[in-house]
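S.K.: Predicted model, plus sequence, below.
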Amino acid sequence: MATVLITGCSSGFGLETARLFLDRGWTVVATMRTPREDLLPASDRLRILPLDVTDADSIARAVEAAGPIDVLVNNAGIGWLNAAEATPIGMVRDIFETNTLGTIAMVHAVLPQFRARGAGVIVNVTSTVTMATFPLLSAYTASKVAVNAFSEALALETAQIGVRTHIVLPGRAPDTRFADNARGHTGADTAIPEAYAPLATQMFAMFADADAPVTRADDVAEAVWRAATDPAAPLRLPAGADALALAAAA
């Protein structure tokens, strides 16, 4: 029975991905900073573990507790929306610590067991903001572009040892907490400098637009499933109607 370890399972993409793999008979190690047993159906194939991807000791404990796994899904991340000049350097560090260095740290922790077996799959969830430029997302976009570049080089390395690496690129997802998190991190909309207020209004309206093509959490879960189970899956897998349209236009 195959086992997947997924980071960031408290909501959104990670939670839906955990549900899908559990429904399809896999053993699931669902990790989150603050474990909650009520988020997923009880199963003898489910383990919920605490994990903070910015903490080396937390990573070591989680990977040891998980035991052998077949697929690593790096989904944990934080959102941020503000002008570059209004983004404190400490916040930039936090974004990169979670979105970029957290992903790299998890790969470092799991890859040795994949290399020893000559098998395994790494799936890194990034974003279509790396494919199209949006204002007020500079720090977030940079953190995800870095993961893409890391993954592309990693894929060339891991192919030599029987391990596959893939990138899943979700589009705009109203059913996740990105916009809410972005608002929360800024403290209030007024934390965005007045000169950039029109851009902020446009961006939050875009997040709230119910008529435009969007990415659903199950779109991302299906893309992760394909990456995990299909040896012919491409390196990059756009996830969601808007993501697929953007990739087709590129």
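M.R.: Nice, I can see it. Numbers count the residues shown, from 1 in each chain.

S.K.: Output the below-cut-off pLDDT ranges for the protein.
M.R.: Scanning the chain for pLDDT under 70 picks out 175-190.

S.K.: Just want the most central residue of it.
M.R.: Asn75 (2.7 Å; CA atoms, centre = their mean).

S.K.: My guess is it contacts Ser10. True?
M.R.: No: with contact defined as CB atoms under 8 Å, Asn75 does not reach Ser10; the gap is 10.4 Å. No exception for glycine: its C-beta is placed from N, CA and C like everyone else's.

S.K.: following the longest helix seen in the chain, which helix or strand comes up?
M.R.: As assigned by DSSP state H, the longest helix anywhere in the chain is helix 138-158. Following helix 138-158 in sequence order, the next helix or strand is strand 163-170 (DSSP states H and E).

S.K.: orientation of that following strand relative to helix 138-158 in degrees?
M.R.: Taking axes from the mean of the first three to the mean of the last three CA atoms, to 10 degrees, one finds strand 163-170 and helix 138-158 inclined to each other by 160 degrees.

S.K.: and strand 163-170, C-alpha only, in PDB?
M.R.: Extracted as PDB, the C-alpha positions of strand 163-170 are listed here (Å, rounded to 0.1, in the frame of the first residue of the first chain):
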ATOM      1  CA  VAL A 163      12.800   9.500  -8.500                       C
ATOM      2  CA  ARG A 164      10.300  11.800 -10.300                       C
ATOM      3  CA  THR A 165       9.800  15.500  -9.500                       C
ATOM      4  CA  HIS A 166       6.800  17.500 -10.600                       C
ATOM      5  CA  ILE A 167       5.400  21.000 -10.200                       C
ATOM      6  CA  VAL A 168       1.600  21.600  -9.700                       C
ATOM      7  CA  LEU A 169       0.500  25.100 -10.600                       C
ATOM      8  CA  PRO A 170      -2.900  26.200  -9.300                       C
END
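
S.K.: can you pull out the strands in the chain?
M.R.: Using DSSP state E, the strands of the chain run over 3-6, 27-32, 46-50, 71-74, 120-125, 163-170, 236-239.

S.K.: need these in JSON lines with mean neighbour count, can you?
M.R.: JSON lines is the format used below for the strands of the chain (neighbours: other CB atoms under 10 Å):
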{"stretch": "strand 3-6", "mean neighbour count": "24"}
{"stretch": "strand 27-32", "mean neighbour count": "26"}
{"stretch": "strand 46-50", "mean neighbour count": "17"}
{"stretch": "strand 71-74", "mean neighbour count": "28"}
{"stretch": "strand 120-125", "mean neighbour count": "26"}
{"stretch": "strand 163-170", "mean neighbour count": "25"}
{"stretch": "strand 236-239", "mean neighbour count": "24"}
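
S.K.: Now render those as a markdown table, adding distance to Phe150.
M.R.: What follows is the strands of the chain, written out as a markdown table (distance: least, CB to CB, whole Å):
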| stretch | distance to Phe150 |
| --- | --- |
| strand 3-6 | 18 |
| strand 27-32 | 20 |
| strand 46-50 | 24 |
| strand 71-74 | 10 |
| strand 120-125 | 8 |
| strand 163-170 | 9 |
| strand 236-239 | 13 |
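
S.K.: can you tell which of the ones you listed is closest to Ala197?
M.R.: Closest approach to Ala197 among these is made by strand 163-170 (27.1 Å; CB to CB).

S.K.: Report the strands that pair with the closest one, each with its relative direction.
M.R.: strand 120-125 (parallel), strand 236-239 (parallel) (DSSP bridges).

S.K.: The shortest one: how far from the chain's middle?
M.R.: Taking CA atoms, centre = their mean, to the nearest Å, the mean C-alpha location of strand 236-239 is offset from the chain mean by 12 Å.

S.K.: What of the longest one?
M.R.: Centroid separation between strand 120-125 and its chain, computed with CA atoms, centre = their mean, is 10 Å.

S.K.: What residues does Val28 make contact with?
M.R.: 3-4, 6, 18, 21-22, 40, 43, 45-47 (CB atoms under 8 Å, 6 or more residues apart in numbering).
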